[in-house]
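how would this look folded up:
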Amino acid sequence: MNELGYVEGKNLTIEWRYADGDYTRLTGFANELVTMNLPVIVTYGTAAARVLQKTTMTTPIVVAAAVDLVGAGIVESLAHPGRNFTGLSVIDVDISSKQLELLKAFSPKLTRVAVLLNPGNSSNPLVSRHVQTAASALGVEVAVVYAATPQAIETAFVEATQQGTSAVLVAADAFFPGQASQIAASATQHRLATISAWSHGGVHAAKAR
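Numbering: from 1, shown residues only. Purely as a prediction, here's the structure:
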């Protein structure tokens, strides 16, 4: 923005809102920002984009990154998004097959994998479908565990262990990148090989059983 001549506090005002992984706060934030008649709203993630889609059809929305904007029904196509949305659609879902292949290579005896999801993310059905398709091709069964708070991450890894999984795939979600330390600690404690969409948001490798 500075390169374009905009300086915050001088000729630019930014209204910051953070949900901190709590998707129940998104609707309130969306309503608040839309009523302020801002010239543009920039957001991140599929969940926030879906909420804004329901809140306004006129305010321009720029999605910094989200999982499959087309598949989620937020834009009509990547070439012609239509409506009042534009932005970037990341390929986290599309690489699930490669992530599972890496887990299989790391743990050749892998027969059952857990997928860690944030229960508030509306893209979960899409993510689950892609992972299930990839897992079926590799002869791997899938179990789903959920976490929406730092404390719930440890519980999710306990559930993954109880369900007989030997690896965890951390789904793309705005909440998980900030929980890298907790995810790494739980993965190590329960000896579950773990992989994430982001190098800073998950575990490169935890010792498998």
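
going forward, measure contacts and count neighbours with C-alpha atoms only.
OK.

what about the strands in this structure?
Counting by DSSP state E, the segments of the chain that form strands are 41-43, 61-67, 85-90, 112-117, 141-146, 167-170, 193-196.

from the ones you listed, which stretch is densest packed?
When you average the neighbours per residue for each of the strands of the chain (mean count of other Cα atoms under 10 Å), strand 167-170 leads with a mean of 28.

which other helices and strands contact that one?
With contacts defined as 3 or more Cα pairs under 8 Å, 6 or more residues apart in numbering; DSSP states H and E, the secondary structure elements packing on strand 167-170 are helix 96-106, strand 112-117, strand 193-196.

got these as a markdown table, with distance to Val40 and mean pLDDT columns?
What follows is the helices and strands packed on strand 167-170, written out as a markdown table (distance: least, Cα to Cα, whole Å; pLDDT from 0 to 100):
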| stretch | distance to Val40 | mean pLDDT |
| --- | --- | --- |
| helix 96-106 | 33 | 84 |
| strand 112-117 | 30 | 94 |
| strand 193-196 | 31 | 90 |
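
Let me have those in TSV, adding distance to Gln162 as columns.
Formatted as TSV, the entries for the helices and strands packed on strand 167-170 read as follows, by distance: least, Cα to Cα, whole Å:
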stretch	distance to Gln162
helix 96-106	19
strand 112-117	11
strand 193-196	15
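
circling back to that earlier point, how about the strands of the chain, which one is nearest Phe106?
For the strands of the chain, distance to Phe106 was read as Cα to Cα. The smallest value, 7.8 Å, belongs to strand 193-196.

For Ala66, name its beta-bridge partners.
Beta-bridge pairing of Ala66 under DSSP bridges involves Ser89.

which residues touch it?
With contacts taken as Cα atoms under 8 Å, 6 or more residues apart in numbering, Ala66 has the following neighbours: Tyr44, Gly45, Thr46, Ala49, Leu88, Ser89, Val90.
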